[in-house]
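Novice: Can you look at this prediction? I've put the sequence above it.
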Amino acid sequence: MRPPLFAALSCLIAVALGSPALPGEQPPQAPAVSFDAWLADLRAEALSQGISQRTVDAALGSVERLPIVVERDRTQAEATLDLNLYLRRRLTPRVIRTARAEARKNRAELARVTARYGVPASIVVAIWGLESNFGRFQGVRPTIPALATLAYDGRREELFRKELLAALRILDSGEIGPDALAGSWAGAMGQVQFMPSSYLAYAADGDGDGRRDIWRSLPDVFASIANYLKAHGWVPGTRWGREVRLVDAVAARAAAEVPLRLASPCRALRDMSEPRPLSAWRSMGVTQRSGAQLPRSELPASLVRVDARAFLVYANYEALLAYNCANTYALSVAMLADKIGSVW
């Protein structure tokens, strides 16, 4: 039986990287050139970008397409779970117990990460848990062949070609060897499930050994998650948001007075309102979930409605969406972190 968080990982990759062709869309076209010809062109591009001949030969010399990767890419299930069911499947009692135990076990290292990056330990542990089941399920697909297969396949060639070149730069740096460079079928790597470009930009050396090992070093794993969130706007000392009560009349007023962020490239952000101060939402009649009034505060908050539930969310929630642009994902991280925080 597939572990539940491994299934969650597959779902999140699908959300992040897109879904298969929908009815009425054109199916993926067969590549115009052979894989060998395509690979020769890629080798030339890699060399032109300064990647060494030694790395190119070692990584691409015997690389072959992986049919299972093409199959997985073309048969992704669309995310259809409603929020309550999604949370029940992801935030099981076992997951919550494990998250709390891991937070206690790694208290000292997590405290160092929080002091350096300003991201709470509970958030770091929640992302770690939901991305890789606390490091237990990182994926076993070799990254270079997986990305080469997806780039050649053509449905999202530009995206995966960029990630393949980034993976070659990782190898060229000498931080990680080819055998260790592995992860999901879609190229997400290690306990943090970074794509190669994210690794280059945000992976951090938490243990000070000169390497950024998101596969085996917990200090590197924790520091990399926190560094990513800090770089995407995490505000220390501020919560992610809160669930609120939104009666029909108030919902109608909010929809009329506060527009959605329709220009955003992120679907989850398009489903959120523009930010308004908490005091403005209070004046409209939005209350806390308990029915109590919202605080009198000028802290900017956006309204997001997911199925039958409503939330006012702050800048830190948007940092979570940068990790994976899905409201179900961000809310699952936030709520798991709240559960961890109760014992932290």
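Specialist: Great, that's in hand.
Novice: Run a quick check on V140 versus A182, I expect a contact.
Specialist: Yes - if you go by C-beta atoms under 8 Å, V140 and A182 touch, sitting 5.8 Å apart. (C-beta placed from N, C-alpha, C; glycine too.)
Novice: For the two, work out which one has more neighbours and name it.
Specialist: A182 (18 against 9; other C-beta atoms under 10 Å).
Novice: What is the burial count for the closest residue to N106 other than its chain neighbours?
Specialist: Excluding the flanking residues, the one nearest N106 by C-beta to C-beta, 6 or more residues apart in numbering is L218, at 6.4 Å. The tally of other residues near L218 (other C-beta under 10 Å) stands at 20.
Novice: Now L218. Its backbone dihedrals?
Specialist: phi -60, psi -40 (degrees, to the nearest 10).
Novice: same deal with the one 3 residues further on?
Specialist: Note on V221: backbone dihedrals following degrees, to the nearest 10 are phi -60, psi -50.
Novice: so what's it up against?
Specialist: W128, G135, G190, Q191, V192, G206, I214 (C-beta atoms under 8 Å, 6 or more residues apart in numbering).
Novice: 7 Å instead?
Specialist: Applying C-beta atoms under 7 Å, 6 or more residues apart in numbering to V221 gives the contacts W128, Q191, V192, I214.
Novice: Nearest to L303, out of those: which one, please.
Specialist: W128 (29.0 Å; C-beta to C-beta).
Novice: The closest one: how many residues sit nearby?
Specialist: What W128 shows, counting by other C-beta under 10 Å, is a neighbour count of 25.
Novice: Can you show me the strands along this protein?
Specialist: Ranges of strands in the chain, per DSSP state E, are 141-142, 182-183, 241-245, 276-277, 287-288, 300-306, 309-313.
Novice: circling back to that earlier point, for the residue nearest to N106, report the pLDDT, please.
Specialist: Listed pLDDT for L218 reads 98.
Novice: Surely it is in contact with E109?
Specialist: Yes - counting by C-beta atoms under 7 Å, E109 is a contact partner of L218 at 6.4 Å.
Novice: What's the separation between A59 and R156?
Specialist: Noted for A59: a distance of 21 Å to R156, by C-beta to C-beta, to the nearest Å.
Novice: sorry, back to before: from the contacts of V221, pick the one nearest I144.
Specialist: Checking those against I144 with C-beta to C-beta, the nearest one is I214 at 16.5 Å.
Novice: And for the closest residue to A201 other than its chain neighbours, the neighbour number?
Specialist: In this structure, A201 finds its nearest non-sequential neighbour in A231, 7.5 Å apart by C-beta to C-beta, 6+ apart. The tally of other residues near A231 (other C-beta under 10 Å) stands at 14.
Novice: Go ahead and confirm A231 touches Y202.
Specialist: Yes - if you go by C-beta under 7 Å, A231 and Y202 touch, sitting 5.9 Å apart.
Novice: what bits of the stretch 151-300 of the chain have low per-residue confidence?
Specialist: Within the stretch 151-300 of the chain, no range satisfies pLDDT under 70.
Novice: quick one: the helices in it?
Specialist: 157-173, 196-202, 218-231, 248-257, 267-270, 278-284 (DSSP state H, counting those that start in this stretch).
Novice: Comparing these, which comes out most buried?
Specialist: Most buried of the helices of the stretch 151-300 of the chain by mean neighbour count (mean count of other C-beta atoms under 10 Å) is helix 218-231; its value is a mean of 24.
Novice: could I have it exported to PDB, CA atoms only?
Specialist: Extracted in PDB, the C-alpha atoms of helix 218-231 (Å, rounded to 0.1, in the frame of the first residue of the first chain):
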ATOM      1  CA  LEU A 218      18.800  17.500   8.400                       C
ATOM      2  CA  PRO A 219      20.600  20.800   9.200                       C
ATOM      3  CA  ASP A 220      20.700  21.400   5.400                       C
ATOM      4  CA  VAL A 221      17.100  20.300   5.000                       C
ATOM      5  CA  PHE A 222      15.800  22.600   7.700                       C
ATOM      6  CA  ALA A 223      18.000  25.600   6.700                       C
ATOM      7  CA  SER A 224      16.900  25.200   3.000                       C
ATOM      8  CA  ILE A 225      13.200  25.200   3.800                       C
ATOM      9  CA  ALA A 226      13.600  28.300   6.000                       C
ATOM     10  CA  ASN A 227      15.900  30.100   3.500                       C
ATOM     11  CA  TYR A 228      13.300  29.500   0.800                       C
ATOM     12  CA  LEU A 229      10.500  31.000   2.800                       C
ATOM     13  CA  LYS A 230      12.600  33.900   4.000                       C
ATOM     14  CA  ALA A 231      13.500  34.700   0.400                       C
END
